[in-house]
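[1] Predicted model and sequence follow; I will ask about them next.
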Amino acid sequence: MSDQTEQTKSHGRISIRASAKPRVLMEEPQLVKGAWVAKVITLLPDAFPGTLGLSLIGKALDFGIWRLETIDLRTFGEGKHRNVDDTPAGGGAGMVLRADVVNAALRQTAEGTPPDRTRWPVIYLSPRGRPFDQATARRFAACDGMTLLCGRFEGVDQRVLDLHQIEEVSLGDFVLTGGEIAAQALLDATVRLLPGVLGNAASTVEESFSDGLLEHSHYTRPALWEGLEIPAVLQSGNHADIARWRRAEAESLTRARRPDLWEKRSK
Ligand code: SAH
């Protein structure tokens, strides 16, 4: 791939590092007007855009519907070795990301973003956080943008999370080695809800969770495959019958697989 193609492909992607030099205002990355912005603080900036650079979300990035800024936490580290972590107070295994280092990264990242957390949430990806769900993705998509802090090792010094009123969000009840995959999953789910990202707007209305139900099953041609047929009603052409069938399927699937969702709905 030529440099030129690389250049056009990287539109909307910005990498930020700490610098001792005072910065010239005109050189500051300008926010594209109207673009939804994700700022990601990470020790692994090379992990981005990752899957976010591909397919629909990647096209939306190239079109400037959203912008991605990665902030390399390492560059805020202490001393020659740019140390970012230290041993846990009270002892125990592993390392903890230092409050002063994360604070410096958060402060620089906050430049040019609204301090109002309802317009610009600041999130720490963490297994202790509130479970991420479709309603949260919708809330984030309605904001101007957001800042995501990816943890590593045992996590982050609690004091910096408290000081910056950081909201903790979890991807689920399991432990990853770092927040990067979680951040990408969260961003994928959020960015696809931005206007103009998905071709067919109806697809976000009917899909799983949008009305508190799992989605019905899908089928496509051939009508008969390995002796298995597509349900007859889907081939009937009767749209009212099809809608009723899909609704019933969504309800019975939700009851069987996710009694917790079903319970919440019927309340
Ligand atoms: N000691 C922590 C786990 C640290 S895992 C604990 O037991 O709670 C290292 C980093 O991975 C975390 O700081 C977080 O940013 C990320 N991470 C791990 N699991 C995650 C999950 N389920 N959801 C979101 N982020 C997660």
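    Done, it's in.
[2] any idea how far residue 155 lies from the ligand?
    Separation of residue 155 from the ligand (Cβ to the nearest ligand atom, to the nearest Å): 4 Å. Quick note: C-beta positions are derived from backbone N, CA and C, even for glycine.
[3] What of residue 131?
    Distance from residue 131 to the ligand, by Cβ to the nearest ligand atom: 9 Å.
[4] Contacts only, for that residue.
    Listed by Cβ atoms under 8 Å, 6 or more residues apart in numbering, the contact set of residue 131 reads 169-173.
[5] for residue 250, same thing?
    Counting by Cβ under 8 Å, 6+ apart, residue 250 has contacts 213-216.
[6] Quick check: what element follows the helix or strand harbouring it along the chain?
    Assigned by DSSP states H and E, residue 250 belongs to helix 239-257. Per DSSP H and E, the first helix or strand lying C-terminal to helix 239-257 is helix 259-266.
[7] Determine the set of other helices and strands touching the host helix or strand of residue 182.
    Using DSSP H and E, residue 182 sits in helix 180-191. Contact here means 3 or more Cβ pairs under 8 Å, 6 or more residues apart in numbering; DSSP states H and E; on that basis helix 180-191 packs against strand 36-42, helix 55-62, strand 122-131, helix 134-141, strand 145-150.
[8] Can you lay out the ones you listed as CSV showing distance to residue 196 and mean pLDDT?
    Listed next are the helices and strands packed on helix 180-191 as CSV, based on distance: least, Cβ to Cβ, whole Å; pLDDT from 0 to 100:
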stretch, distance to residue 196, mean pLDDT
strand 36-42, 10, 98
helix 55-62, 7, 97
strand 122-131, 24, 98
helix 134-141, 12, 98
strand 145-150, 16, 98
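[9] quick one: contacts for the residue of the stretch 51-200 of the chain found nearest the ligand?
    Closest approach between the stretch 51-200 of the chain and the ligand, counting by Cβ to the nearest ligand atom: residue 151, at 2.0 Å. By Cβ under 8 Å, 6+ apart, residue 151 lies in contact with 97, 124-126, 178-179.
[10] Generate a ChimeraX selection restricted to the buried subset of these.
    Typed into ChimeraX, the line below selects the buried ones among the contacts of residue 151, using 16 or more other Cβ atoms under 10 Å:
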select :97,124,125,126,178,179
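[11] The contacts of residue 151: which ones sit near the ligand?
    125-126, 178-179 (Cβ under 6 Å from any ligand atom).
[12] Between all of those, which two are separated the most?
    Spatial extent of those (Cβ to Cβ) is set by the pair 126 and 178 at 11.1 Å.
[13] Most remote residue from the middle of the chain, which is it?
    In the chain, residue 227 marks the outermost C-alpha relative to the chain mean, sitting 40.7 Å out by Cα atoms, centre = their mean.
[14] after the worst-scoring helix or strand of the chain on mean pLDDT comes which helix or strand?
    Every helix and strand in the chain was compared by mean pLDDT, DSSP states H and E; the lowest is helix 3-9, with a mean of 43. Helices and strands here follow DSSP H and E; after helix 3-9, the next one along the chain is strand 13-16.
[15] How far does stretch 189-204 stretch from one end to the other?
    End-to-end distance for stretch 189-204, by Cα to Cα, to the nearest Å: 11 Å.
[16] Ignore what I typed, I meant stretch 37-56.
    Termini of stretch 37-56 sit 16 Å apart (Cα to Cα).
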